[in-house]
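Student: Here is a sequence together with a model predicted from it:
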Amino acid sequence: MFVMDISKVDLLLQYALAIAGQGDEYFQRQLGPIHLVKYVYLADLSHAERNQGRTYTGIEWRFHKFGPWSTEVFKRIEPALTVVGATKTEISHPKYEDDFVRWILTDDDLVLQLAAKLPLYACLAIQSAVRQFGSDTPSLLNHVYLTRPMLRAAPGEFLDFSPEEKNEQAFPESPSVRLTKMQKEHRKKELQDLKARIQAKLAEKKKYRRLVPPDPPPRYDEIFIEGRKWLDELAGASIEAREERARFSEDVWKSPARFDPDVS
């Protein structure tokens, strides 16, 4: 049973923004709701890895469109940050239909006060992530999407923070991909050999790659333009740009390719 501790959520939100406030660039010191939620998730993940899958906050995280998400954490952002004097800015941009929000807080004393109330590894996780990603949304989202609970879940499912051994039992391989221990070792060796051969070929190709200037040099004149036009006509009508929608089986979310390094 999940019981969210609001006081712990507030501490993590405040600490993440306060750490961001120590950054060198003003833009990186401003965090939006999506950044703050993800930094709380990373703190929970770090805590769970050292406490048999138990998160620090007790949040019931879910695989959402933008990665790990909790509506309860999102709702705590404004009250948690307002109480410590953070500044909220609403920004309008013609690219976006809705205004988006950014928070900023610069208070070195508060950083020390909050750190004294939080577990060490939760602090370290937030410090490392905030200093690496700041308000860089694409990089932060890519990072959280590749964390173990996300790789083990499908969209809409709750995330499982339990240790690896338990996760393996919760997500057994389907009969079509179940292999014996000997077959797994054989497959692993084949993949390692293939990887070594590819790396050797790439190294060999790189070793002998040499750019040679053309002789005579190309001429980009009227003859060249007419010749290219003639070749384009031989190729037929050009392909029109259009949008298409691809469909994938729902089984892809539980495919070993998402979390098995020997497959991916």
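Tutor: Received the coordinates, thanks. For clarity, every value in this text was computed on a predicted model and none was experimentally measured.
Student: Quick one: the strands in this protein, in order.
Tutor: 62-64, 67-69, 87-91, 100-104 (DSSP state E).
Student: Determine which of those strands approaches Arg50 most closely.
Tutor: Proximity to Arg50, assessed across the strands of the chain by Cβ to Cβ, is greatest for strand 67-69 (18.2 Å). Where C-beta positions appear, they are placed from N, C-alpha and C, glycine not excepted.
Student: what lines up beside the closest one in the sheet?
Tutor: Applying DSSP bridges, strand 67-69 is found paired with strand 62-64 (antiparallel).
Student: Pull the distance from the longest helix seen in the chain to the chain's centre.
Tutor: Ranked by residue count and defined by DSSP state H, the top helix of the chain is helix 181-208. Remark: helix 181-208 is offset 28 Å from the chain centroid, using Cα atoms, centre = their mean, to the nearest Å.
Student: do stretch 135-143 as well
Tutor: For stretch 135-143, the distance between its averaged C-alpha position and the chain's averaged C-alpha position is 6 Å (Cα atoms, centre = their mean).
Student: How much space separates Lys189 from Met182?
Tutor: Lys189 sits 11 Å away from Met182 when distances are taken as Cβ to Cβ, to the nearest Å.
Student: Repeat that for Glu60.
Tutor: According to Cβ to Cβ, Glu60 and Met182 sit 40 Å apart.
Student: Which of the two has more residues huddled nearby?
Tutor: Counting neighbours by other Cβ atoms under 10 Å for Glu60 and for Met182 shows that Glu60 has the greater number, 15 against 8.
Student: mind checking pLDDT for Asp193?
Tutor: As predicted, Asp193 sits at a pLDDT of 76.
Student: Over to Val84?
Tutor: We have a pLDDT of 96 for Val84.
Student: Over to Glu168?
Tutor: pLDDT for Glu168: 46.
Student: Equivalent analysis for Tyr208, please.
Tutor: Among the per-residue scores, Tyr208 shows a pLDDT of 62.
Student: same deal with Asp5?
Tutor: Looking at Asp5, its pLDDT reads 94.
Student: What is the neighbour count of it?
Tutor: Asp5: 13 neighbours (other Cβ under 10 Å).
Student: Kindly confirm whether my reading is correct that it touches Thr55.
Tutor: No: the criterion here is Cβ atoms under 8 Å, and Asp5 misses it with Thr55 at 9.7 Å.
Student: Could I get the contacting residues of Thr87?
Tutor: For Thr87, the contact set (Cβ atoms under 8 Å, 6 or more residues apart in numbering) comprises Trp103, Ile104, Leu105.
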